[in-house]
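>>> This is the structure alone, sequence omitted:
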């Protein structure tokens, strides 16, 4: 809301810029959230956090006294900083996987599993916290994990073979990703129930039935 109020008119924008004079090399304005743009919420918080001092100064202007109830408290900024740290890995994965100058398909399953592990770690840390904002954050991360699980479940039936074949075809990976999963679950990679064996057999069957049989 404050970002909207500050950038509403040229005069307000100039006054906010003036608050930063002689204090920073480059004066900037707060940015607004865009629901349809990935990582926009984190970008908004990243911009707002360093500007918290100037936001307070801007609100000290008597013209904007009516907006002072919107001022974020130090405790709330602490909460914001923690939320930013929780969100950073999501932005990193989004930007990294969005690059077009190189192939990223073989990283797909690894990224999914890394994000699952990351969110599980955050939830374990927050599970016993009784502070309200930490309970809210736990619930938000839990919903995010459910959303990611739903996306993963919808992708796997139609392109599961493609996602699993890509790391196997990567000469730097081959079956190493699946062996890592087996090790984490204390499963022998040679066991018929292991991920390594299952994906290796699925890949071999796919090549024999879908590729060799046709070509």
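Perfect, I can see it now. Please read these numbers as outputs of a predicted model, since none were measured by experiment. Numbers count the residues shown, from 1 in each chain.
>>> The helix or strand of the chain with the lowest mean pLDDT - contacts with which helices or strands?
Across the helices and strands of the chain, mean confidence by mean pLDDT, DSSP states H and E is lowest for helix 176-184: a mean of 78. Based on contacts counted as 3 or more C-beta pairs under 8 Å, 6 or more residues apart in numbering; DSSP states H and E, the elements that helix 176-184 packs against are helix 108-126, helix 195-206. Bear in mind the C-beta positions are built from the backbone N, C-alpha and C, glycine included.
>>> now that helix against helix 195-206, angle please.
150 degrees (axes from the mean of the first three to the mean of the last three C-alpha atoms, to 10 degrees).
>>> orientation of helix 176-184 relative to helix 108-126 in degrees?
An angle of 30 degrees separates the directions of helix 176-184 and helix 108-126 when computed by the same axes, to 10 degrees.
>>> Could you list the buried residues of helix 176-184?
177-178, 180-182 (16 or more other C-beta atoms under 10 Å).
>>> about what we covered before: to residue 59, which of the helices and strands packed on helix 176-184 lies closest?
Closest to residue 59 of the helices and strands packed on helix 176-184 is helix 108-126 (C-beta to C-beta; 31.8 Å).
>>> related to what we said a few turns ago, which of the helices and strands packed on helix 176-184 has the lowest mean pLDDT?
Taking the mean pLDDT of each of the helices and strands packed on helix 176-184, the lowest value is held by helix 195-206, a mean of 81.
>>> Just the buried positions in that one, please.
Neighbour-count burial for helix 195-206, with 16+ other C-beta under 10 Å as criterion, is recorded at 195-197, 199-200, 203, 206.
>>> domains in the protein, as residue ranges please.
As given by automatic domain parsing, the domain ranges for the chain are 1-84, 175-215.
>>> between those domains, which gets the lowest average pLDDT?
Looking over these, mean pLDDT reaches its minimum on domain 175-215, with a mean of 77.
>>> what sits against the closest residue in space to residue 1 that isn't next to it in sequence?
Residue nearest to residue 1 in three dimensions, not counting chain neighbours: residue 70, with 5.8 Å by C-beta to C-beta, 6 or more residues apart in numbering. Contact partners of residue 70, counting by C-beta atoms under 8 Å, 6 or more residues apart in numbering, are 1-2, 5, 59.
>>> Name the helix or strand for the residue positioned nearest the centre of the chain, please.
Of all residues in the chain, the one closest to the mean position by C-alpha atoms, centre = their mean is residue 90, 1.5 Å from it. Element membership for residue 90, per DSSP states H and E: helix 74-98.
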